[in-house]
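Peer 1: dropping the sequence and predicted coords here.
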Amino acid sequence: MRQGDRHILVRTVAVQWIEAEDNYVRLHVEGTSHLVRQTMTGLLSRLDPAQFRRIHRSAIVNLDCIKEFQRWTGGDHLVIMRDGTRLTLSRTFREQFGEWL
């Protein structure tokens with residue numbers, strides 16, 4: 001990824017979770033974040049599905065960084081990441097985690 005005059009290399013396994021921001025995505029990586037011009041769908045197609053899954057229209061998570069799931073309102077669940085971040089697992093994407101819930 002490019003930052004000014006520099007190109008930053010980010011190891012895929014270091015990405016904890018990804019969130020949508022309009023026509024960009026924000027990669028959350030080991031206590032910092034990087035904004036990349038990419039769509040969620042485009043980025044997800046380039047990631048290993050055994051490692052990354054979409055949990056919401058605006059979030060993708062690294063499965064190795066999930067600490068726990070908690071039931072929440074309306075059939076949704078909270079995804080608690082190892083760093084304490086709380087994300088929503090929407091009903092739309094819940095079926096992908098059937099074995100974990």
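Peer 2: Looks like it came in fine.
Peer 1: burial of V15, as a residue count?
Peer 2: Neighbour count for V15, taken as other CB atoms under 10 Å: 21. Backbone N, C-alpha and C define where each C-beta goes, glycine included.
Peer 1: that one and F52, how far apart?
Peer 2: Per CB to CB, to the nearest Å, V15 is found 8 Å from F52.
Peer 1: likewise D64?
Peer 2: The span separating D64 from F52 equals 10 Å under the rule CB to CB.
Peer 1: who has more neighbours out of these two?
Peer 2: The residue with more neighbours, out of D64 and F52, is F52; 21 against 10, by other CB under 10 Å.
Peer 1: my read: that one touches V61, true?
Peer 2: Yes - counting by CB atoms under 8 Å, a contact exists between F52 and V61, whose distance comes to 6.9 Å.
Peer 1: dihedrals phi and psi, T85?
Peer 2: phi -60, psi 140 (degrees, to the nearest 10).
Peer 1: once you drop chain neighbours, what's closest to it?
Peer 2: Setting aside the residues directly before and after it, T85 is nearest to W17 in space (CB to CB, 6 or more residues apart in numbering), at 6.7 Å.
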